[in-house]
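Visitor: output the structure for:
(one chain, ligands or ions: 1)
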Amino acid sequence: MTNERRVLVHPDKASLAGSVAARFITKMLDILDEQAVAHVVLTGGSMGSAVLEAVASSPARTTIDWSRVHFWWGDERWVPAGDADRNDLQAQQALLDDLDLPDENVHPFPASDAGLDLDEAAAAYAAELSEHGVDGLAHPIFDITFLGVGPDGHIASLFPHRSGIQVTDRTVIPVRNSPKPPPERLSLTRPVINSSQRIWMVLAGADKASALGLALAGASRDEVPAAGIKGRRRTVFFVDADAAAEVPESLIARDY
Ligand SMILES: O=C1O[C@H](COP(=O)(O)O)[C@@H](O)[C@H](O)[C@H]1O
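Guide: Sure, this is the predicted structure:
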């Protein structure tokens, strides 16, 4: 199988979340069969939580030894711990709180009330990534990276026509004046994301159709950051029918 980007279309948001959750559980079983520890990057946004809720409601989740799984985040909103806007809180409520996970396996970005400024928080997360680095890398090898895609084509907190998508000399950046609130954020950079073995972008809704169509039609990563994303082994857009409206038929694999 090639490492070309694939588009898997599901009829609606609920079936999309359920299907991605089932694939995630199956893939985690395969990965943990082959290696001692797995590293997973989670995303915020509407589908990020929906997928994790579907994992939580699947009886098959008990087949996984979650103590061997580390969870990281692709980006975070710079708000206090416990704020409903935080991506980590949403993931914890959707799934992580239900898993038998050692604290050291969960790697949230620092919160805005942690006593660090935004630059220090980016440096702190970079240091935490580095502690888990292998093969001379300043970060772990991520086995699965989940990404949402915004209506403007942003992924993590890398937005169109902003410098963040071009950064290649750091693993983590502070983001200021984000076009989407809140204005301050933290984000993994594109090279770190693209070093993931598998990148699963999950998106639903008609407001995502244009961004997805452009990403697949050869838009630049500056115009549509999702266009610049490609994992080492697999890159899949898991989408619902509404989001797939502008995808050329020849690129579509239907999952129904
Ligand atoms: O703010 C964010 O938005 C994107 C996309 O969110 P969605 O609700 O439009 O799917 C998300 O991927 C990112 O992690 C988050 O911080």
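Visitor: the helices in the stretch 101-250 of the chain, which residues?
Guide: Assigned by DSSP state H, counting those that start in this stretch, the helices in the stretch 101-250 of the chain fall at 118-131, 190-194, 209-216.
Visitor: and stretch 16-27, how far out from the chain middle?
Guide: Relative to its chain's centre, stretch 16-27 lies at 14 Å (CA atoms, centre = their mean, to the nearest Å).
Visitor: for the ligand, give me its nearest residue in the stretch 151-256 of the chain.
Guide: Proximity of the stretch 151-256 of the chain to the ligand (CB to the nearest ligand atom) peaks at Lys180, 5.3 Å away. (Each C-beta comes from the backbone N, C-alpha and C, glycine too.)
Visitor: that residue: how many residues sit nearby?
Guide: The number of residues packed near Lys180 is 14, by other CB atoms under 10 Å.
Visitor: just the pLDDT at it, thanks.
Guide: Listed pLDDT for Lys180 reads 97.
Visitor: how far away is the residue nearest to Ser187 when sequence neighbours are not counted from Ser15?
Guide: Nearest residue to Ser187, sequence neighbours excluded (CB to CB, 6 or more residues apart in numbering): Ser157, at 3.7 Å. Taking CB to CB, to the nearest Å as the measure, Ser157 and Ser15 are separated by 28 Å.
Visitor: ok, these two, which is more surrounded?
Guide: Using other CB under 10 Å, the more surrounded residue of Ser157 and Ser15 is Ser157, with 26 against 15.
Visitor: how far away is the more buried one from Leu186?
Guide: 7 Å.
Visitor: now the common contact residues for the two.
Guide: Common contact partners of Ser157 and Leu186 (CB atoms under 8 Å, 6 or more residues apart in numbering): 75-76, 175.
Visitor: just checking, which of those belong to strands?
Guide: 75-76, 175 (DSSP state E).
Visitor: and the ligand, which of those residues contact it?
Guide: Among those, the ones lying near the ligand by CB under 6 Å from any ligand atom are Asp75.
Visitor: quick check: closest non-adjacent residue to the residue in the stretch 51-200 of the chain positioned nearest to the ligand.
Guide: Proximity of the stretch 51-200 of the chain to the ligand (CB to the nearest ligand atom) peaks at Gly148, 2.7 Å away. Distance criterion CB to CB, 6+ apart; nearest residue to Gly148, sequence neighbours excluded, is Gly45 at 3.2 Å.
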